[in-house]
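>>> Sequence first, predicted coordinates after that:
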Amino acid sequence: MTPVKTSVIRVVYEAVLPAYYRFSALLEDVILKRISISEVDKAALLEITSCATTLKTLLEEYLEQAREYSATELHLPRREFEELLSMSKVLETSQRIPIINTGIWTH
């Protein structure tokens with residue numbers, strides 16, 4: 001088990017939200033055909049949005065558990081912690097990938 005402070009989970013969660021909203025909005029525009037993108041870009045966008053959604057959902061669940069038990073630290077299985085780190089890295093990196101000839105990063 002890997003101990004993780006809830007304050008760290010909160011910081012990561014708050015960092016995930018802007019990317020989650022940007023990718024979700026972009027995907028919605030593609031689905032509603034407001035913008036047209038290549039199949040390769042669409043596949044990348046689907047993958048990244050899935051990662052953002054999964055990460056957001058997991059972090060919300062952790063924060064809810066911490067709130068429910070008034071915990072300041074959660075103990076996550078090592079594999080689960082490693083997957084969280086991996087998804088966080090993917091999401092952070094994906095914000096620099098040009099999709100539809102534009103980056104998703106913030107200034």
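Perfect, thanks for sending it. Numbering: from 1, shown residues only.
>>> As a check, name the ranges of all helices in this protein.
If you assign secondary structure with DSSP state H, the helices in the chain sit at 6-31, 39-68, 78-94.
>>> and the angle for the first one with helix 78-94?
In other words, helix 6-31. Angle, helix 6-31 to helix 78-94, by axes from the mean of the first three to the mean of the last three Cα atoms, to 10 degrees: 50 degrees.
>>> Also the second one?
Taking the same axes, to 10 degrees, one finds that helix 39-68 is oriented at 130 degrees with respect to helix 78-94.
>>> Helix 39-68: how far from the chain's middle?
Between the mean C-alpha location of helix 39-68 and the chain-wide mean there is a distance of 4 Å, by Cα atoms, centre = their mean, to the nearest Å.
>>> just checking, what packs against that helix?
If contacts are counted by 3 or more Cβ pairs under 8 Å, 6 or more residues apart in numbering; DSSP states H and E, helix 39-68 sits against helix 6-31, strand 73-76, helix 78-94. Yep, even glycine has a C-beta here, placed from its N, CA and C like the rest.
>>> List the buried residues in the last one.
Right, helix 78-94. Residues of helix 78-94 classed as buried by neighbour count (16 or more other Cβ atoms under 10 Å): 81, 84, 87-88, 91, 94.
>>> just those residues now: which is nearest residue 17?
residue 91 (10.9 Å; Cβ to Cβ).
>>> can I assume the closest one is in contact with residue 19?
Yes - under the criterion of Cβ atoms under 8 Å, residue 91 makes contact with residue 19 at 5.5 Å.
>>> who touches both of these two?
Common contacts of residue 91 and residue 19 (Cβ atoms under 8 Å, 6 or more residues apart in numbering): residue 52.
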